[in-house]
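K.L.:
Next one to model:
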Amino acid sequence: MIYKIEWKTIATYSYFNEINFILSKWNEIEVQKFEDLVYDFLATLSKTPEIGIFKSEYNCYSLVISKQTTLYYKIIEDKSQIDLILFWNNKQNPIHLKKMLH
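P.N.:
Okay, here's the model as predicted:
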């Protein structure tokens, strides 16, 4: 079964924040590599949504997509849907992560 991918507002916002961060530190080639990586992961995720690790404290899954970025998402079984919650830069203070996911 293929799950539909639903981008929540904070996921879209945090995704573009990551792109802007990459662009400010490196270049457009690195941005393209990141975008390709994300979409490759999303293609895999839509087929096998349980590949992430369930985080009970946040009631969602996490999936490391690069050394710097972790994706947080929820599986909505009755809709065959994956809700993308947040793209998290792993170098940020984890206290902020708790605030964003609660």
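
K.L.:
Following element in sequence after the helix or strand where Ile75 lies, please.
P.N.:
Per DSSP states H and E, Ile75 falls inside strand 69-76. Moving toward the C-terminus from strand 69-76, the next helix or strand (DSSP H and E) is strand 81-89.

K.L.:
And that next one, what's buried?
P.N.:
82-89 (16 or more other Cβ atoms under 10 Å). Using the backbone N, CA and C atoms, a C-beta is placed for each residue, glycine as well.

K.L.:
cool, and stretch 32-41?
P.N.:
The neighbour-count check on stretch 32-41 (16+ other Cβ under 10 Å) flags 34, 38, 41 as buried.

K.L.:
Go through the residues you listed and flag which are in helices.
P.N.:
Judged by DSSP state H, helices contain the following of the buried residues of stretch 32-41: 34, 38, 41.

K.L.:
I figured the first one hits Phe16, correct?
P.N.:
No - applying Cβ atoms under 8 Å as the test, Phe34 and Phe16 come out as separate, 11.3 Å apart.

K.L.:
Determine which residue lies closest to the centroid of the chain.
P.N.:
Central residue of the chain (Cα atoms, centre = their mean): Leu71, 2.4 Å from the mean position.

K.L.:
mind listing what it touches?
P.N.:
Contacts for Leu71 (Cβ atoms under 8 Å, 6 or more residues apart in numbering) come out as 38, 41, 52, 62-65, 84, 86-88.

K.L.:
Ile51 contacts Leu45, doesn't it?
P.N.:
Yes - counting by Cβ under 8 Å, Ile51 touches Leu45, with 6.5 Å between them.

K.L.:
anything in contact with each of those two?
P.N.:
Leu63.

K.L.:
Those two - which one has more neighbours?
P.N.:
Shown here are Ile51 and Leu45; by other Cβ atoms under 10 Å, Leu45 has more neighbours (22 against 11).
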